[in-house]
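Asker: Below are the sequence and a predicted model for it; my questions follow.
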Amino acid sequence: MVYNVVLGSGTYGSVYLATCKSVQVAIKTSRQKRPWLSSGRSSKISESDLMRVIDHLNVQGLLDSMNAQDATGAPCELHVLELVTGGDMFSYLAKYDSFTEAEVQFFGWQLLKGLEYLHQRDIAHRGQLSPFVRRRTADR
C-alpha cells in the first residue's frame, strides 16, 4: 500500500512512504529511464540493474523494482527501497545547529565507506550528495 506521503522529490521523480508485507518501505518513482554509462563500456545499464548489484550497509538498498505508468499514462519505473527514517543531513544540522566532532567522524566514515564501496565497483554518484545522505535513525 502506497500512502500519499511524499518523503522527497527531485528532477526525475518522487519518493513515497509505503507498506509492503507489513514492513514500511520507500517507493521511488522515476518518470523516465536514466541510463547510466558504465566506466569503459559502451553498453548502457538501467538504474534498477545498477542498484540490484549494490549491497552495503552504508548505501540504501533496493528491495524490488518494476515498470509501471504514472497518473498521466506515461511509463515510469518504481523502486522499492529500504526505508531510512533518520532524515537527511541538512535537516539534522538545522535541528541541532552543529555537529560534535564525534558525529562528524562517524558520519564522515559512513559516507566514505559507502563511496569507497561504489567506486571499487566503478559506480559514481552523479547527484549532489548532501540531500541524498540519509541517517538510519533520528536519534542524536
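Answerer: Perfect, thanks for sending it.
Asker: quick one: the strands in the protein?
Answerer: Here the chain has its strands, by DSSP state E, at 2-9, 14-20, 23-30, 36-37, 44-45, 62-69, 75-82.
Asker: got these as JSON lines, with mean neighbour count, mean pLDDT and distance to residue 95 columns?
Answerer: Every C-beta, even on glycine, is put in place using the N, C-alpha and C of the backbone. Formatted as JSON lines, the entries for the strands of the chain read as follows, by neighbours: other CB atoms under 10 Å; pLDDT from 0 to 100; distance: least, CB to CB, whole Å:
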{"stretch": "strand 2-9", "mean neighbour count": "12", "mean pLDDT": "80", "distance to residue 95": "17"}
{"stretch": "strand 14-20", "mean neighbour count": "16", "mean pLDDT": "88", "distance to residue 95": "20"}
{"stretch": "strand 23-30", "mean neighbour count": "18", "mean pLDDT": "88", "distance to residue 95": "21"}
{"stretch": "strand 36-37", "mean neighbour count": "12", "mean pLDDT": "46", "distance to residue 95": "34"}
{"stretch": "strand 44-45", "mean neighbour count": "13", "mean pLDDT": "66", "distance to residue 95": "38"}
{"stretch": "strand 62-69", "mean neighbour count": "14", "mean pLDDT": "87", "distance to residue 95": "29"}
{"stretch": "strand 75-82", "mean neighbour count": "18", "mean pLDDT": "87", "distance to residue 95": "23"}
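Asker: between these, which one is nearest to residue 123?
Answerer: Using CB to CB as the criterion, the shortest distance between residue 123 and the strands of the chain is 8.2 Å, found for strand 36-37.
Asker: now the residue nearest in space to the middle of the chain: how far from residue 110?
Answerer: The central residue of the chain, meaning the one whose C-alpha is nearest the mean C-alpha position (CA atoms, centre = their mean), is residue 60 at 5.3 Å. In this view, residue 60 and residue 110 are 12 Å apart by CB to CB, to the nearest Å.
Asker: coming back round to it: who wins for proximity to residue 93 among the strands of the chain?
Answerer: For the strands of the chain, distance to residue 93 was read as CB to CB. The smallest value, 16.6 Å, belongs to strand 2-9.
Asker: what sits up against that closest one?
Answerer: Strand 2-9 has contacts (CB atoms under 8 Å, 6 or more residues apart in numbering) with 14-19, 26-27, 88, 131.
Asker: All good on my end, thank you.
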